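Q: let me see the structure of the following:
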Amino acid sequence: MLFQHANWRFRKNLLKKEKEEFREIERLYLIATAWGHDKAASNLARMLIQKGMSEKFRSQVASEASGQMVLRGMPAGRAYSQAHMWSNILFNDDLDYYTLGRSDYDAKSVEIAEDLVQRNIPGGYYLKGVMLEAGFGVEKDAKASMQFLRKAADLGNPDAQFYLGRKLSNEIGKEMQRCAADQGHARAAFHIASDLKNGANYAEAFNYFQIAVKAGDQSAAEILRDEFNDPALSTKAYPGLTRDEERANRYEKITETLSSYKLSSSVLNYSAETRFHDIFPTVDDIDKIAPLPPANLPGWDGQIKWVKELEQSKAPSLPKEKRIKEMALAKSLDPQTGWPLNPESEKE
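A: As a prediction, this is how the structure comes out:
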């Protein structure tokens with residue numbers, strides 16, 4: 001119940017992006033994770049990794065900028081404050097909300113990943129592999145990272161299949177990406193489509209761009225929009241096709257919708273390869289909105305099914321706060337934050 005409610009609030013907050021709401025979502029994920037909910041643990045780890053990595057990225061940028069300012073004659077104290085101020089302004093991630101008194105995002109993420117690994121959950125191997133590659137909470141270890149990622153891929157984790165598939169420039173790599181795409185991995189489908197397009201296999205490329213749009217990939221929607229606006233390549237996939245303004249407009253509306261529900265992140269390499277469970281929009285009804293030629297366009301009211309369902313949805317039931325407090329305390333967690341109680345609090 002905690003996970004379903006937290007996920008609903010997460011989806012509802014994608015437009016507003018209110019920091020306080022993300023804090024409450026984190027609290028519910030933390031308590032659900034303590035009670036063994038795998039998807040809550042996975043989403044929580046992704047939030048904490050993105051928070052932690054964005055903070056380290058900003059700190060690194062600020063440190064380098066501060067050094068340059070000092071070299072140019074600015075007093076060290078002023079250089080430090082100026083550099084950190086501008087770093088926070090320039091790299092303001094949507095998930096960079098402040099959790100009172102917490103800075104151990106990396107340690108908690110490692111704890112989550114290792115617990116999932118011990119229970120042989122594929123996503124745990126993937127998370128541990130990502131951490132080992134980035135040096136987040138653990139020492140960097142490229143060899144160990146590959147071992148964890150390969151294990152995750154062998155167990156069917158689509159994130160790991162996509163990641164390894166991009167590293168392997170052979171038929172095995174392509175097959176791994178296809179396995180990921182078949183499981184709804186948007187970026188895998190997008191990259192397959194891009195490779196097919198570069199190889200002049202236009203008809204199949206368009207099919208995979210469509211699969212990517214269905215999985216919620218904004219870039220794929222943008223490409224199809226542009227192709228149907230100026231079909232230099234689409235005519236090679238569909239001989240005789242002329243400019244299709246209405247089809248292009250539909251992909252533009254889809255692009256705008258997907259963009260509005262996106263979270264900004266300065267940790268682009270990480271976020272591009274990592275998906276949350278059941279959070280971001282998909283376009284499952286794409287073939288009823290903009291089927292590929294030669295199909296004719298059906299009528300459309302301008303809204304995707306995912307958005308309609310979200311707008312009409314009601315909050316999943318949540319235990320009373322008294323019960324949530326009992327659940328938290330039973331796992332030695334602070335009911336107000338979901339983080340572990342400190343020894344003094346437990347005495348009280």
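Q: could I get the full set of strands for the stretch 151-300 of the chain?
A: Secondary structure of the stretch 151-300 of the chain (DSSP state E, counting those that start in this stretch): no strands located.
Q: quick one: low-confidence ranges for it?
A: Applying pLDDT under 70 to the stretch 151-300 of the chain picks out residues 231, 233-235, 237, 264-274.
Q: where along it do the helices fall?
A: Assigned by DSSP state H, counting those that start in this stretch, the helices in the stretch 151-300 of the chain fall at 158-167, 171-182, 186-198, 202-214, 218-229, 234-237, 245-260, 268-271, 286-289.
Q: may I have the second one exported as PDB, CA atoms only?
A: Output in PDB follows, covering the C-alpha atoms of helix 171-182 (Å, rounded to 0.1, in the frame of the first residue of the first chain):
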ATOM      1  CA  GLU A 171      25.400  -9.400 -32.700                       C
ATOM      2  CA  ILE A 172      25.300 -10.400 -29.000                       C
ATOM      3  CA  GLY A 173      25.100  -6.700 -28.100                       C
ATOM      4  CA  LYS A 174      22.300  -6.100 -30.600                       C
ATOM      5  CA  GLU A 175      20.400  -9.100 -29.300                       C
ATOM      6  CA  MET A 176      20.700  -7.900 -25.700                       C
ATOM      7  CA  GLN A 177      19.300  -4.500 -26.700                       C
ATOM      8  CA  ARG A 178      16.400  -6.200 -28.500                       C
ATOM      9  CA  CYS A 179      15.700  -8.200 -25.300                       C
ATOM     10  CA  ALA A 180      15.600  -4.900 -23.400                       C
ATOM     11  CA  ALA A 181      13.300  -3.200 -26.000                       C
ATOM     12  CA  ASP A 182      10.900  -6.200 -25.900                       C
END
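Q: so which bits of that helix are buried?
A: Buried residues in helix 171-182, counted by 16 or more other Cβ atoms under 10 Å: 173-174, 176-181. Quick note: C-beta positions are derived from backbone N, CA and C, even for glycine.
Q: residues making contact with that helix?
A: Residues outside helix 171-182 that contact it (Cβ atoms under 8 Å, 6 or more residues apart in numbering): 153, 156, 158-159, 161-162, 164-168, 188-189, 191-192, 195, 208, 211-212, 215.
Q: give me the buried entries from those residues.
A: By neighbour count, with 16+ other Cβ under 10 Å, the contacts of helix 171-182 hold 153, 158-159, 161-162, 164-166, 188-189, 191-192, 208, 211-212, 215 as buried.
Q: let me know the closest of those residues to Leu127.
A: Proximity of these to Leu127 (Cβ to Cβ) peaks at Asp159, which lies at 8.9 Å.
Q: I figured the closest one hits Gly129, correct?
A: No. With contact defined as Cβ atoms under 8 Å, Asp159 does not reach Gly129; the gap is 9.4 Å.
Q: burial check on the residue nearest to Arg247 when sequence neighbours are not counted, number of neighbours?
A: Residue nearest to Arg247 in three dimensions, not counting chain neighbours: Phe228, with 4.5 Å by Cβ to Cβ, 6 or more residues apart in numbering. By other Cβ atoms under 10 Å, the residues close to Phe228 number 26.
Q: likewise for the one 10 residues further on?
A: The burial count assigned to Tyr238 is 18, neighbours taken as other Cβ under 10 Å.
Q: kindly report the same for Glu245.
A: So Glu245, with other Cβ under 10 Å, has 10 neighbours.
Q: so it is in contact with Asn229, correct?
A: Yes. Judged on Cβ under 8 Å, Glu245 makes contact with Asn229 at a distance of 7.0 Å.
Q: dump the residue contacts of Phe280.
A: Going by Cβ under 8 Å, 6+ apart, Phe280 touches 14, 216, 261-262.
Q: switch to 7 Å and redo it
A: When contacts are counted by Cβ atoms under 7 Å, 6 or more residues apart in numbering, Phe280 is found next to 216, 261.
Q: isn't Leu149 right next to Ala160, touching?
A: Yes. Counting by Cβ atoms under 7 Å, Ala160 is a contact partner of Leu149 at 4.8 Å.
Q: the two: which has the busier surroundings?
A: Of the pair Leu149 and Ala160, Ala160 is the one with more neighbours under other Cβ under 10 Å, namely 27 against 24.
Q: for that one, which non-adjacent residue is spatially closest?
A: For Ala160, ignoring the flanking residues on the chain, the nearest one in space by Cβ to Cβ, 6+ apart is Ala152 at 3.6 Å.
Q: what's the local residue count around that neighbour?
A: Other residues within reach of Ala152, judged by other Cβ under 10 Å, total 27.
Q: my read is that it contacts Ile121, right?
A: No. Look at Ala152 against Ile121 with Cβ under 7 Å: they stay out of range, at 9.4 Å.
Q: rewinding a little: what sits against the residue nearest to Arg247?
A: The neighbours of Phe228, taking Cβ under 7 Å, 6+ apart as the test, are 234, 244, 247-248, 251.
Q: so who does the residue positioned nearest the centre of the chain touch?
A: By Cα atoms, centre = their mean, the chain has its centre lying nearest to Arg275, at 3.8 Å. Listed by Cβ under 7 Å, 6+ apart, the contact partners of Arg275 are Asp159.
Q: which segments of this protein make up each domain?
A: Taking automatic domain parsing as the criterion, the chain consists of the domains 1-103+318-348, 105-155, 174-311.
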